[in-house]
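In: Here is the input, now give the coordinates:
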Amino acid sequence: MEHYYQNIQGWFSDEELQKVYAEMVKKYPDGSQFVEIGSWKGKSAVFMAVEIINSGKKIKFNCIDSWEFLDAVYIENSEINKMKHTAFDEFQKNIEPIKDIITYHKINSIEGSKLFADESLDFIYIDASHEYEKVKDDLIHWYPKVKRGGVIAGHDYGAGVKKAVDEFFFKKKFDVIRISWIYYKNE
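Out: Sure, this is the predicted structure:
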């Protein structure tokens, strides 16, 4: 299937991040389970879903987002206010060609973490709130969900995200690739 994520508004244009998503699909076998936290209009989710389709693997892919904050942004921004659809509507429209690959949950991150058993996920990518306390809460609630040998990563390694990640993984080695952080859980 041809990628079409480029036609979707969003911030998933970093080639290094695209490589991370593609590597996760290559790395993990059928039956693996991935979660993306913070999907907005679905640009990165669409990229991941197309990678899964093209791999021929049966990887379960979940998107967690409340879409509430983004709807509030729409209301405040006069340019966006002209649009007739909410971010959630745009997400649903954008995933239509690959909707069988994505299971989405319109729920906040912490409630979303309760949907998964501990050590049940192979890959988690966090790109929701970038506020220190919320990132810290995401790490506390999502880290136990990662299997040994799995990966937890996130976007926008700076300011509040950097502080939360540095504190959470204190004395543990994690990688920073441009603006993303990646931790390989080997313990």
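In: Could you list the single helix or strand in this protein with the lowest mean pLDDT?
Out: With mean pLDDT, DSSP states H and E as the measure, the helix or strand of the chain carrying the lowest mean pLDDT is helix 78-81 (a mean of 52).
In: got the contact list for the residue nearest the centre of the chain?
Out: Centrality entry for the chain: nearest residue to the mean C-alpha point is Glu36, 2.6 Å, by C-alpha atoms, centre = their mean. Contact analysis of Glu36 by C-beta atoms under 8 Å, 6 or more residues apart in numbering lists 44-45, 48, 61-64, 124-125, 127. Bear in mind the C-beta positions are built from the backbone N, C-alpha and C, glycine included.
In: Just the buried ones from these, in ChimeraX syntax?
Out: To isolate the buried members of the contacts of Glu36 in ChimeraX, using 16 or more other C-beta atoms under 10 Å:
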select :44,45,48,61,62,63,64,124,125,127
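In: Next, format the contacts of Glu36 as TSV and append secondary structure, pLDDT and distance to Ile107.
Out: Listed next are the contacts of Glu36 as TSV, based on DSSP: H, G, I helix; E, B strand; the rest coil; pLDDT from 0 to 100; distance: C-beta to C-beta, whole Å:
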residue	secondary structure	pLDDT	distance to Ile107
Ser44	helix	96	18
Ala45	helix	97	15
Met48	helix	98	19
Phe61	strand	98	16
Asn62	strand	98	11
Cys63	strand	98	10
Ile64	strand	98	6
Ile124	strand	98	15
Tyr125	strand	97	17
Asp127	coil	94	16
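In: And the strands in this protein?
Out: 33-37, 60-65, 102-106, 121-126, 146-154, 175-177, 180-184 (DSSP state E).
In: and the longest one, C-alpha only, in CSV?
Out: Extracted as CSV, the C-alpha positions of strand 146-154 are listed here (Å, rounded to 0.1, in the frame of the first residue of the first chain):
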residue,chain,number,x,y,z
VAL,A,146,5.9,-2.8,28.2
LYS,A,147,7.2,-6.3,27.9
ARG,A,148,10.8,-7.2,28.6
GLY,A,149,12.5,-6.6,25.2
GLY,A,150,9.9,-4.0,24.3
VAL,A,151,10.3,-0.3,23.6
ILE,A,152,8.8,2.8,25.1
ALA,A,153,9.5,6.0,23.4
GLY,A,154,8.1,9.5,22.9
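In: Thought Arg148 was touching Tyr184, still the case?
Out: No. Between Tyr184 and Arg148 there is no contact under C-beta atoms under 8 Å: 10.0 Å.
In: Compare the two (neighbour count), which wins?
Out: Taking neighbours as other C-beta atoms under 10 Å, Tyr184 and Arg148 compare with Tyr184 leading, 15 against 8.
In: Since that was my last question, I'll sign off now.
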